[in-house]
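1. Got a predicted structure plus its sequence, pasted below:
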Amino acid sequence: MGIARRFINFNIKVCRWIDGFLPIALRRDGNEHFLSQILPGAFSNGSLVYDLGGGSEPCIRLEDKIRMNLRVVGIDISAEELAAAPSGIYDETIAADLCQYTGRGDADSVVCQATLEHVYDTGKAIRGIASVVRPGGRVFIFAPCRNALFARINLILPESIKRRILFAIFPKKGEGHDGFRAYYDKCVPSLIEELALQNGLIVEERNVFWISSYFSFFVPFYILWRGWQLVSFALIGKDAGETFAYVLRRNVGGGTGARQGSV
């Protein structure tokens with residue numbers, strides 16, 4: 001292990017130590033919470049589930065699919081990504097641009113994890129999502145927030161430079177889908193809620209998360225980032241989060257729905 005890697009690992013450990021003094025709400029990992037606490041609610045025995053944007057790495061595990069007798073449809077803009085998914089995970093694959101796609105309105109559950117930030121028009125994507133789910137069915141969304149500091153930097157940096165920096169500091173991110181071009185179009189909770197209601201999706205649950213790993217490689221950057229969060233929250237509230245997750249339900253009566261309780 002080189003000096004640079006030891007330096008980064010040391011800073012990461014210090015940042016984790018500092019996080020230990022913060023309230024749990026400020027150090028709850030959004031993606032982990034979504035996968036372990038929210039997503040299981042998307043699956044019931046024999047249900048039809050759509051995975052939107054999962055491609056080669058769908059959220060649904062093959063063993064869960066078999067155990068619960070799920071039918072799974074994968075939609076991704078890349079046919080190659082869909083073809084690279086674990087064998088047997090998808091019962092049907094659809095290579096389509098979510099911003100241009102119109103679904104069959106038959107899904108019991110729709111999962112859209114870390115996908116909305118990569119679409120160029122989130123309004124059209126939400127319309128596409130709403131067209132997939134049946135009345136009474138639910139949509140499970142997880143996405144990073146456009147106002148997060150890492151997102152603002154991501155939008156400024158050229159793609160090639162961004163990938164080199166990201167994968168040099170966090171090598172494991174190169175093993176997954178991190179580094180794909182991100183637009184973060186309308187990727188803030190308040191706008192997601194507006195778009196959902198416009199498309200007949202009722203907000204059942206909202207979770208906003210306040211932790212990410214991008215600045216933990218250097219303690220002074222981490223402290224500045226936490227300061228940015230504090231100021232941003234004072235100005236724009238929930239729209240200042242790092243990531244967010246929603247559970248939405250398709251309005252049975254059609255048309256737009258009234259806002260339900262949220263967390």
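-> Alright, I've got the coordinates. Here the structure is a predicted model, which means the values were calculated and not measured. Numbering: from 1, shown residues only.
2. Which residue ranges of the stretch 151-263 of the chain form strands?
-> Along the stretch 151-263 of the chain, the segments classed as strands by DSSP state E, counting those that start in this stretch run 201-209, 243-250.
3. Now do the end-to-end distance for stretch 236-250.
-> Start and end residues of stretch 236-250 are separated by 28 Å (C-alpha to C-alpha, to the nearest Å).
4. repeat for stretch 205-222
-> End-to-end distance for stretch 205-222, by C-alpha to C-alpha: 29 Å.
5. Kindly report the same for stretch 121-139.
-> End-to-end span of stretch 121-139 (C-alpha to C-alpha): 18 Å.
6. With stretch 46-54 instead?
-> First-to-last residue span, stretch 46-54, C-alpha to C-alpha: 20 Å.
7. what's that stretch in contact with?
-> By C-beta atoms under 8 Å, 6 or more residues apart in numbering, the residues outside stretch 46-54 that reach it are 42-43, 58-60, 68-77, 85, 90, 98, 103, 106-115, 118, 129, 132-133. Every C-beta, even on glycine, is put in place using the N, C-alpha and C of the backbone.
8. Take those and keep only those in strands.
-> 71-76, 107-113, 133 (DSSP state E).
9. Let me have the strands of the stretch 151-263 of the chain in a markdown table, extended by mean pLDDT.
-> Output for the strands of the stretch 151-263 of the chain, formatted as a markdown table (pLDDT from 0 to 100):
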| stretch | mean pLDDT |
| --- | --- |
| strand 201-209 | 97 |
| strand 243-250 | 98 |
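10. among those strands, which is the most enclosed?
-> With neighbours taken as mean count of other C-beta atoms under 10 Å, the strands of the stretch 151-263 of the chain reach their highest mean count in strand 243-250, at a mean of 25.
11. re earlier: filter the contacts of stretch 46-54 down to the buried ones.
-> Buried subset of these (neighbour count, 16 or more other C-beta atoms under 10 Å): 42-43, 58-60, 70-77, 85, 90, 98, 103, 107-115, 118, 129, 132-133.
12. Output the ones in strands among the contacts of stretch 46-54 as CSV; include the columns distance to residue 27.
-> Below are these laid out as CSV (distance: C-beta to C-beta, whole Å):
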residue, distance to residue 27
71, 37
72, 33
73, 35
74, 33
75, 33
76, 32
107, 34
108, 33
109, 29
110, 29
111, 25
112, 25
113, 21
133, 32
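13. Which one of those is nearest to residue 64?
-> Residue 64 has its nearest neighbour among the ones in strands among the contacts of stretch 46-54 in residue 72, at 9.8 Å by C-beta to C-beta.
14. and the gap between that closest one and residue 113?
-> Per C-beta to C-beta, to the nearest Å, residue 72 is found 14 Å from residue 113.
15. for residue 239, same thing?
-> 20 Å.
16. Straight-line length of stretch 214-223, end to end?
-> Across stretch 214-223, the terminal residues are separated by 12 Å (C-alpha to C-alpha).
17. Look up how far residue 191 lies from residue 250.
-> In terms of C-beta to C-beta, residue 250 sits 19 Å off from residue 191.
18. no no, residue 67
-> Note on residue 67: its distance to residue 191, by C-beta to C-beta, is 37 Å.
19. go on, residue 74?
-> Going from residue 74 to residue 191 by C-beta to C-beta gives 27 Å.
20. swap in residue 199?
-> 13 Å.
21. In terms of neighbours, single out the busier of those two.
-> residue 199 (21 against 16; other C-beta atoms under 10 Å).
22. Now that residue 232 has come up, it's in contact with residue 240, right?
-> Yes: here residue 232 lies in contact with residue 240, judged by C-beta atoms under 8 Å, at a distance of 3.5 Å.
23. what's the overlap in contacts for the two?
-> In contact with both residue 232 and residue 240: residue 147, using C-beta under 8 Å, 6+ apart.
24. more neighbours, the two?
-> residue 240 (22 against 17).
25. Who are the contact partners of that one?
-> By C-beta under 8 Å, 6+ apart, the neighbours of residue 240 are 145, 147, 148, 229, 232, 233.
26. what's the answer for residue 111, then?
-> Counted by C-beta under 8 Å, 6+ apart, residue 111 has contacts 39, 42, 49, 50, 51, 52, 54, 59, 60, 140.
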